[in-house]
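Colleague: need a structure here:
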Amino acid sequence: MDNFSERLLELRKNKKLSQEEVADKLNVTRQTVSKWETNQSMPDFDKIVPLCELYGITPNELFMGLKEKDVSKNNESTTNLEEERLKVRGKAKGIAMGIILYFLSVIWIMISIPVMNINPIVASAIFLLICGIATGMIVYVCIRYKKMKTEEETASDKLRRQISDVAAIIVTIIYLIISFKTMAWHLTWIIWVIFGLFEEILKLIFMLRSSEDEK
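Modeller: Predicted coordinates for the structure are as follows:
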């Protein structure tokens, strides 16, 4: 029961004790116990522990009506929610860093050969190294911060996959048209790097949106 005085009355009746018996055990008068149970006064601080011992309950149950297992469940639920939020933030930061590295790799390949006159083989090797680091980072955070899927998240993932599938078809068409028209197959593959960036940005957007919904 929510009312403290009513809770005291119910606890006493459950123990099948009279007001006189409770008063005797707590070294107070019967009138004092009566005032507690009729909401005319509150027990003194030094009577809280004896009351809990008499009725076999905890202070949480005495004042809030919560049993220890209920408190534990509430604390566990709060902790789990906070852990999930930290996981989402950590995953978002890792994916964001991977995306930045992808952008840097594209910028590098665009300026290293025509502007800096670096050997194409060396430039390509550095490009692939940066892409490899970015990919490894994204894969690592996805594995490290993997979490259970809820129905809402599954629906969100389904929508994201549908967007990615449609985008993949469009990018494939664009890639083939540009490649056959220019015959610059050695350059047009960069389109797929850009598509990879798009997919990671899309994941990041949905992840941040999910995090905001949880708040």
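Colleague: Domains in this structure, by residue range?
Modeller: The chain resolves into domains spanning 4-66, 152-206 when parsed by automatic domain parsing.
Colleague: okay, and for the protein, where does confidence drop off?
Modeller: Within the chain, the segments meeting pLDDT under 70 span 1-2, 65-84, 145-156, 185-186, 207, 210-215.
Colleague: which residue ranges form the helices in the chain?
Modeller: 4-14, 19-26, 30-37, 48-55, 59-64, 68-112, 120-144, 151-182, 185-188, 190-214 (DSSP state H).
Colleague: Tell me, how many residues neighbour K181?
Modeller: 9 (other CB atoms under 10 Å). C-beta: built from backbone N, CA, C; applies to glycine.
Colleague: Same check on A134?
Modeller: Count around A134 with other CB under 10 Å applied: 24.
Colleague: F103 is in contact with that one, correct?
Modeller: No: taking CB atoms under 8 Å as the definition, A134 is not a contact partner of F103, at 9.2 Å.
Colleague: what's the span of stretch 4-23, first residue to last?
Modeller: End-to-end distance for stretch 4-23: 18 Å, by CA to CA, to the nearest Å.
Colleague: Could I get the buried residue list for that stretch?
Modeller: F4, S5, R7, L8, L9, L11, R12, L17, Q19, V22, A23 (16 or more other CB atoms under 10 Å).
Colleague: Which residues does it contact?
Modeller: 1, 29-30, 32-34, 36-39, 42, 51, 54-55, 57, 62-63, 65 (CB atoms under 8 Å, 6 or more residues apart in numbering).
Colleague: Burial-wise, tell me which of the domains of the chain comes out on top.
Modeller: Mean neighbours per residue, mean count of other CB atoms under 10 Å, is largest over the domains of the chain for domain 4-66, with a mean of 15.
Colleague: How far off centre is that domain?
Modeller: Remark: domain 4-66 is offset 42 Å from the chain centroid, using CA atoms, centre = their mean, to the nearest Å.
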